[in-house]
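Undergrad: give me a model of this one.
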Amino acid sequence: MLKILQEKNVRMIWSKNGEEVWFNANDVGEELGIVNIRDTLRNIDREYKKKFNESTVGDSYTRNFKDKLPNFGTTFVTEEAVYNMSFRSNKAEAKLFTKWVTKALKQIRIHGYYIATEKDQEWLDIRTEGKRSEKILQMKYKSFFINTST
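TA: Predicted coordinates for the structure are as follows:
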């Protein structure tokens, strides 16, 4: 999703260390086909949105656009807010992203991690089968030792 937004020229601001990334809320809304961005932003937690103007950007942040920000500020949102907004979108790209996220979360819940490719999935299947076999052997040996010691 973030790569798509970068390719679509969504205005972004990020901290010099690269840990904080902020996306222009109006640009994100437009790309996601959100008609009323104000209503959507009301449902986003404060910690995930921030108004930037020229003085708040200063030397602490870098940006991918040259136009000046107005004195009253422009709303930018965090990566978390972008995900939240994409889950609310009916646009095809957003639906694909939501489908991928839900699939990844399910894999994380089941296996404790996410496998990105089919080749990795084959490895996971082999590993899972190996663990099952190991458990069966442990159970057999455990019952063998219990039966012989009595």
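Undergrad: quick one: buried residues of stretch 70-78?
TA: For stretch 70-78, the neighbour count (16 or more other C-beta atoms under 10 Å) marks 74, 75, 76, 77, 78 as buried. Yep, even glycine has a C-beta here, placed from its N, CA and C like the rest.
Undergrad: please read the previous query as pertaining to stretch 80-92.
TA: Of the residues in stretch 80-92, those buried under the neighbour-count criterion (16+ other C-beta under 10 Å) are 81, 82, 83, 84, 85, 86, 89.
Undergrad: quick one: contacts of the strand or helix carrying residue 39?
TA: Using DSSP states H and E, residue 39 falls within helix 37-42. The contact list for helix 37-42 (C-beta atoms under 8 Å, 6 or more residues apart in numbering) reads 25, 26, 29, 34, 49, 75, 77, 85, 88.
Undergrad: spatially, and excluding backbone neighbours, which residue is closest to the last one.
TA: Closest residue to residue 88 apart from its sequence neighbours, by C-beta to C-beta, 6 or more residues apart in numbering: residue 40 at 6.4 Å.
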